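Enquirer: Quick one: sequence plus predicted model below, questions after.
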Amino acid sequence: MEKSLSKITLWIQNIPETFETVLSLDGQRLQSGTSKYIKEFANLTSIDLERYTILTPTLKRLTQDKSRIRKIKDRVTLVSGHFVETDKSDRKICYRALIINAANEEEECSLLTNEARLYGCTIPETDKEALKKKSFNKRLAITFAAILILILILSIIWI
């Protein structure tokens, strides 16, 4: 069986039970304050939030193929959302995950679900379904551009 080359970095704010913030890399919890922790946290927070696609009211995703993030030239996905669980102030626990080289949306969802489970967190079912759907941003942009060009050509012909 072929070994997956995918990687996941997961940051969780206020995990259930201990209410501490966690940064995890492929199932291994990173010690706060170490150079590895600082580097991985910087990768998670350095990406412009305005470029996200909103999938559900509590879930956002940014996927780039051949990204320059971390000098990796493959599929990179950044996910930001909320778990089912709440913190001691009864707010939904938020998270951010950086997923690299996942084969597709299904694997991204699986990686995120499994990593979150290690810390007692659950992805809402609606968010799981939204994560598994392909992003239509490129197709939508191309379709919109084609329609504009067609309208422009038709308006020139009618003049």
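Expert: Right, received. Where do you want to start? Residues are numbered from 1 along each chain as shown.

Enquirer: Could you point out the longest strand of this protein?
Expert: strand 76-86 (DSSP state E).

Enquirer: What lies in contact with stretch 85-99?
Expert: 6-16, 19, 43-45, 58, 69, 76-84, 108, 111-112, 115-116, 120-122 (C-beta atoms under 8 Å, 6 or more residues apart in numbering). Where C-beta positions appear, they are placed from N, C-alpha and C, glycine not excepted.

Enquirer: Alpha carbons of it, in CSV - could you do that?
Expert: Extracted in CSV, the C-alpha atoms of stretch 85-99 (Å, rounded to 0.1, in the frame of the first residue of the first chain):
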residue,chain,number,x,y,z
GLU,A,85,-17.7,21.2,21.5
THR,A,86,-17.7,24.5,23.5
ASP,A,87,-15.2,26.0,25.9
LYS,A,88,-15.8,26.9,29.5
SER,A,89,-17.5,30.2,28.4
ASP,A,90,-19.9,28.1,26.2
ARG,A,91,-18.4,29.4,23.0
LYS,A,92,-17.7,27.0,20.1
ILE,A,93,-14.0,25.9,20.1
CYS,A,94,-12.3,27.3,17.0
TYR,A,95,-9.5,25.7,15.0
ARG,A,96,-7.3,26.3,12.0
ALA,A,97,-5.7,23.6,10.0
LEU,A,98,-3.0,23.6,7.3
ILE,A,99,-3.3,20.4,5.1
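
Enquirer: Could I get the buried residue list for that stretch?
Expert: Buried positions in stretch 85-99, judged by neighbour count with 16 or more other C-beta atoms under 10 Å: 85, 92-93, 95-99.
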